[in-house]
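**Q** Structure for this input, please:
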Amino acid sequence: MFDLLIKNGKLISGEKIEIAIKDGVILKTDSVIESSAKQVIDLAGDHYLSAGWIDDHVHCYQKMTLYYDYPDEIGVTKGVTTVIDAGTTGAENITTFYELAKQAKTNVYALVNISKWGIVEQDELADLTKVQADLVRKSLSELPQFVIGIKARMSKTVIGENGITPLELAKQIQKENENLPLMIHIGSAPPELHEILERLDAGDVLTHCFNGKTNGILDQEKDQIKNFARAAYEQGIVFDIGHGTDSFNFHVAETALKAGIKATTISTDIYHRNRENGPVFDLATTMEKLRVVGYSWEEILDKVTTAPAKAFRLTKKGKIKVGYDADITIFDLVEGEKTLTDSNGFTRIGKELIQPVKTIIGGAIYDN
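**A** The predicted structure follows:
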């Protein structure tokens, strides 16, 4: 007997699907499953489902003062089954974060900031004595089930007078630790974007990829994507949205799409202020913004499931597949009218809205 059987669901393609779950794992998928289960959810063909949504750039260590939130406020209550905290904590406080994260219903993972206290202050990489490779290695070895990569923020307000050096240190740490996933934040210069991109390798994650800053991927005088940014994209660098308060611009995203450049992964860079006051609000809203830019729903769902799971080596997440974790998002697509605002105050009207209905994490069901 299964623990849970989801009946009469449908994928975004319209294909009918039923899913059987036991001990937190998907044991069977088919168009029809004739079997008994302790609990049955009958979606009656009225709702869509996908693998559980993954937000690969959040800030959810609630003991911080600059950027913080609570995992379940941005996760399970918003249709998101897994969040990846992007460098809020460093080696000195990530263990405390882990102890709190274990209490959440949402799956929580972390990228350890190469600065040992994380984002305690805005300029965490201005003092390079805080970057200690042995401490990062210690975190990776002590919390391998939680710490899944490293993070460095490479923008003017963070690095002080250190130029490109923090990135070079991050790349060395990455190399010394089995080439773990590395996420790099970009913003205002210095360093210049081309300096950053020429040091990244295929599979490295560039977050805030569609920001509206002069140091972004758009040449604002020519209104076209910079050639070196296109080359980096074609090289296989992961372009991550990382919406945030200051880092998503509709025109940049639209121009990139016309040039054949699409975000690899869709994430929010959410924390309590931009969740409560906008412009982020939640992952669903960010997904709606990519829809008005011109992405298909099939692409959007891939970029919050399969793509982030691949980028961060979450080998049992991101797919509805036998043997994978029973993390599933059940949702509706509805017609409506919603004003969507980017980080620079520009708006678009969304007419196709995505609304989570139920969130299933490890086989446990939560209503939205």
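**Q** and the most centrally placed residue in the chain, what pLDDT?
**A** The geometric centre of the chain, computed from its C-alpha atoms, lies nearest to residue 56 (CA atoms, centre = their mean), at 2.0 Å. Model confidence at residue 56, expressed as pLDDT, equals 98.
**Q** and it, what does it touch?
**A** Residues near residue 56 by CB atoms under 8 Å, 6 or more residues apart in numbering: 83-84, 86, 205, 240, 265, 267, 308, 311-312. The way it works is simple: take the backbone N, C-alpha and C, and place the C-beta from them, glycine included.
**Q** Export stretch 60-72 to CSV, keeping only CA atoms.
**A** Provided in CSV are the C-alpha atoms of stretch 60-72 (Å, rounded to 0.1, in the frame of the first residue of the first chain):
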residue,chain,number,x,y,z
CYS,A,60,16.5,32.9,5.0
TYR,A,61,18.7,32.9,8.1
GLN,A,62,16.4,34.7,10.5
LYS,A,63,19.2,35.8,12.9
MET,A,64,20.8,38.2,10.4
THR,A,65,20.0,41.9,10.4
LEU,A,66,20.6,43.0,6.8
TYR,A,67,19.1,40.2,4.6
TYR,A,68,16.9,37.6,6.3
ASP,A,69,13.6,35.7,6.2
TYR,A,70,12.1,32.5,7.5
PRO,A,71,12.3,29.4,5.2
ASP,A,72,8.7,28.5,5.4
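**Q** quick one, strands of the stretch 151-300 of the chain?
**A** For the stretch 151-300 of the chain, the strands defined by DSSP state E, counting those that start in this stretch occupy 182-186, 205-207, 218-219, 224-225, 238-240.
**Q** that older thread, excluding sequence neighbours, find me the nearest residue to the residue nearest to the centre of the chain.
**A** Taking CB to CB, 6 or more residues apart in numbering, and ignoring the residues beside it in sequence, residue 56 has residue 308 as its nearest neighbour in space, at 4.1 Å.
**Q** The one you found against residue 263, yeah?
**A** No - using CB atoms under 8 Å as the test, residue 308 is too far from residue 263 to be in contact (10.9 Å).
**Q** follow-up on the earlier one: export the strands of the stretch 151-300 of the chain to JSON lines and append columns for mean neighbour count.
**A** Output for the strands of the stretch 151-300 of the chain, formatted as JSON lines (neighbours: other CB atoms under 10 Å):
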{"stretch": "strand 182-186", "mean neighbour count": "25"}
{"stretch": "strand 205-207", "mean neighbour count": "26"}
{"stretch": "strand 218-219", "mean neighbour count": "18"}
{"stretch": "strand 224-225", "mean neighbour count": "18"}
{"stretch": "strand 238-240", "mean neighbour count": "25"}
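**Q** In a markdown table, list the ones you listed along with mean pLDDT and distance to residue 9.
**A** Formatted as a markdown table, the entries for the strands of the stretch 151-300 of the chain read as follows, by pLDDT from 0 to 100; distance: least, CB to CB, whole Å:
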| stretch | mean pLDDT | distance to residue 9 |
| --- | --- | --- |
| strand 182-186 | 98 | 33 |
| strand 205-207 | 98 | 31 |
| strand 218-219 | 98 | 40 |
| strand 224-225 | 98 | 39 |
| strand 238-240 | 99 | 29 |
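**Q** Export those as CSV, with columns for distance to residue 364.
**A** Putting the strands of the stretch 151-300 of the chain into CSV (distance: least, CB to CB, whole Å) gives the following:
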stretch, distance to residue 364
strand 182-186, 29
strand 205-207, 29
strand 218-219, 43
strand 224-225, 43
strand 238-240, 28
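**Q** Between those, which one is closest to residue 42.
**A** Distances from residue 42 to each of these were compared by CB to CB, and the smallest falls on strand 238-240, at 36.5 Å.
**Q** what sits up against that closest one?
**A** Counting contacts by CB under 8 Å, 6+ apart, the residues outside strand 238-240 that touch it are 56-57, 183, 203-210, 233, 261-267, 311.
**Q** and if you look at stretch 23-39?
**A** Counting by CB under 8 Å, 6+ apart, the neighbours of stretch 23-39 from elsewhere in the structure are 1-5, 7, 15-21, 320-326, 362-363, 365.
**Q** Buried residues in it, which are they?
**A** Applying a neighbour-count criterion of 16 or more other CB atoms under 10 Å, one finds 25-27, 29, 33, 37 buried in stretch 23-39.
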